[in-house]
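> got a predicted structure here, sequence first:
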2 protein chains.
Amino acid sequence: MHNMPQPHDHQHCIDDAMARARELCLRRQVKFTRIREQVLACVWANHQPVGAYTILEEIAKESDRRPAPPTVYRALDFLLDNGLVHRIASLNAFVGCKDPSHHHQGHFLICRQCRNVIELDADIINSAISTAATQYGFVVETPCVEVVGCCAGCRELSDNE
Amino acid sequence: MHNMPQPHDHQHCIDDAMARARELCLRRQVKFTRIREQVLACVWANHQPVGAYTILEEIAKESDRRPAPPTVYRALDFLLDNGLVHRIASLNAFVGCKDPSHHHQGHFLICRQCRNVIELDADIINSAISTAATQYGFVVETPCVEVVGCCAGCRELSDNE
DNA sequence: AATAAAATGTTATAATATTGCATTAGCGTG
DNA sequence: CACGCTAATGCAATATTATAACATTTTATT
C-alpha cells in the first residue's frame, strides 16, 4: 500500500481500499452502508480527484437510481470523518486516502497533465511548516498542502516528444 | 510592510497596499480602474479572507450601485494576475498580497479563531515540499499551502481565560 | 471625430454545497 | 414480536461560488 501513480495494478488498489474500509468500519463500529461503499468505490475508480456531482452521475449510471446531492455529500462526509477519503480544496474534489488507519491531513502532489494525485505525509513538510509558523507565534492544527506540478510519468512522456 | 496580525495600525496597511497597487499598475502599464480599486480596498479592509459575494455587497453599500458577479470576478482576476491578491482555495476567498512586486504563491496561516491570515513565503517550506516531491519524481510548479491553526493573539486571549 | 482594444454591464446559467424536514432501516429492550 | 429510539437516507428547495456569452461603454490613439 503506497502512493501509486506510475503504472500499477489498479484493481489491486481498489480491492485493497474497499477491504480496508470494510475492516476499519467494523472495528470502529460504524456502518459501511451501500451508498458509502458506492461513493468510496467511485472515488477509488482511479487516482484522479473526483467531484461530488461526478460521483452522483456514476452512481446514477450503475444503479439506475439517482442519489440526491445531500446523499452523496453525506456519504462523503462520513468517509472524510473516517479518514477514508481526502478532499482536495483547490479542486473541490475527492481522492481515496492511502492510509485511513491513522488520522492525518496528508500532502498532495497533483499532476497538471494526467491529473493523478500522489498522497504523501512527509514529516519534513510538516516540520517546515511548523518551524515557519512558530516564528509568528502561530500554532499549526491542520496544514493543507496541495502541490500542482508534473509527475514522473508525464515528464517521461513529454521528454520523448 | 510585513505579515501583520498582532495589533497594528491597519489604516497604514490599507494605505500602503493601495499606494503599492497604484504604483505597480502604473509601472506595468495596466489600468487600476475604479472597480479594481474598490475590490482591492475591500480585500484590504482587514486581514481576513473575503468572498467575492461579500465584496459585491460591500461595494453595493458604498456606491449604491450593485456590480454583477462577473464584474467583481473580473476585477479579482486582474488583481490575482497582477499578484495584488491571493486566493485561499480552502476558503473560496481572497486576501491582499503583502508583496505584489514579485510573483509568488505564498503560504498562508489561517487562524481558526479570529480568521486572520498571515502570509509567508518561507523557503524552508518550499524546499521541504520540493525535497519530498522529488522522491516521487514529481516536479513542483505551484505549491499551495494553507495552514489552519491558532495565531499568537488568540492563544494569548484564550490563555487568560 | 473615427477606430480599435480593453473594460465593464447584463442576463443567464453552471457547478458546488447545504438546510430542513419526511421517511426508512437497523437495533436494543421490554 | 411490537415498540420505540437512533442513525441513515430520501427529497425538495435553496444557498454559495463561479463562468459563459454577448451588448455596451470607456479609453487610448490616430
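Here it is on my side, so go on.

> which element is A:L109 on?
A:L109 belongs to strand A:107-111 when assigned by DSSP states H and E.

> check A:I59 too.
Counting by DSSP H and E, A:I59 is part of helix A:52-63.

> after the strand holding A:L109 comes which helix or strand?
Next helix or strand after strand A:107-111 toward the C-terminus (DSSP H and E): strand A:117-120.

> now do the buried residues in the very next helix or strand once past that following strand.
Of the helices and strands lying after strand A:117-120 in sequence (DSSP H and E), the nearest is helix A:123-134. If you call a residue buried by 16 or more other Cβ atoms under 10 Å in any protein chain shown, then helix A:123-134 has these buried ones: A:I124, A:I125, A:N126, A:A128, A:I129, A:S130, A:A132, A:A133. Bear in mind the C-beta positions are built from the backbone N, C-alpha and C, glycine included.

> my read: the fifth one touches A:V140, true?
Yes - under the criterion of Cβ atoms under 8 Å, A:I129 makes contact with A:V140 at 5.9 Å.

> need the overlap of contacts for the two.
Listed as contacting both A:I129 and A:V140 by Cβ atoms under 8 Å, 6 or more residues apart in numbering or on different chains are B:V147.

> picking up where we left off before, how far off centre is the strand holding A:L109?
10 Å (Cα atoms, centre = their mean, to the nearest Å).

> kindly report the same for stretch A:37-52.
8 Å.

> output the contacting helices and strands for the helix holding A:I59.
Secondary-structure packing of helix A:52-63 (3 or more Cβ pairs under 8 Å, 6 or more residues apart in numbering or on different chains; DSSP states H and E): helix A:34-43, helix A:69-81.

> redo those as CSV? Include mean pLDDT.
Below are the helices and strands packed on helix A:52-63 laid out as CSV (pLDDT from 0 to 100):
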stretch, mean pLDDT
helix A:34-43, 97
helix A:69-81, 98
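
> mind putting these into JSON lines with mean neighbour count and distance to chain B?
Listed next are these as JSON lines, based on neighbours: other Cβ atoms under 10 Å in any protein chain shown; distance: least, Cβ to the nearest Cβ, whole Å:
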{"stretch": "helix A:34-43", "mean neighbour count": "21", "distance to chain B": "19"}
{"stretch": "helix A:69-81", "mean neighbour count": "17", "distance to chain B": "14"}
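
> if we can go back for a sec, hmm, the helix holding A:I59 touching DNA strand C?
Yes - using Cβ under 7 Å from any atom of the strand, helix A:52-63 comes into contact with DNA strand C via A:A52, A:Y53, A:T54.

> of the residues you listed, just say which sits nearest to chain B.
Among the residues of helix A:52-63 next to DNA strand C, A:A52 lies closest to chain B (Cβ to the nearest Cβ), at 15.0 Å.

> so which bits of chain A are right by chain B?
For chain A, the residues in contact with chain B (Cβ under 8 Å from any Cβ of the partner chain) are A:3, A:89-90, A:107, A:109, A:111-112, A:118, A:120, A:122, A:124-125, A:127-129, A:131-133, A:136-152, A:155.

> most centrally placed residue in chain A?
A:V95 (2.3 Å; Cα atoms, centre = their mean).

> next SSE downstream of the longest strand seen in chain A?
Taking DSSP state E as the criterion, chain A has its longest strand at strand A:139-150. Where DSSP H and E defines the elements, the next helix or strand beyond strand A:139-150 is helix A:152-159.
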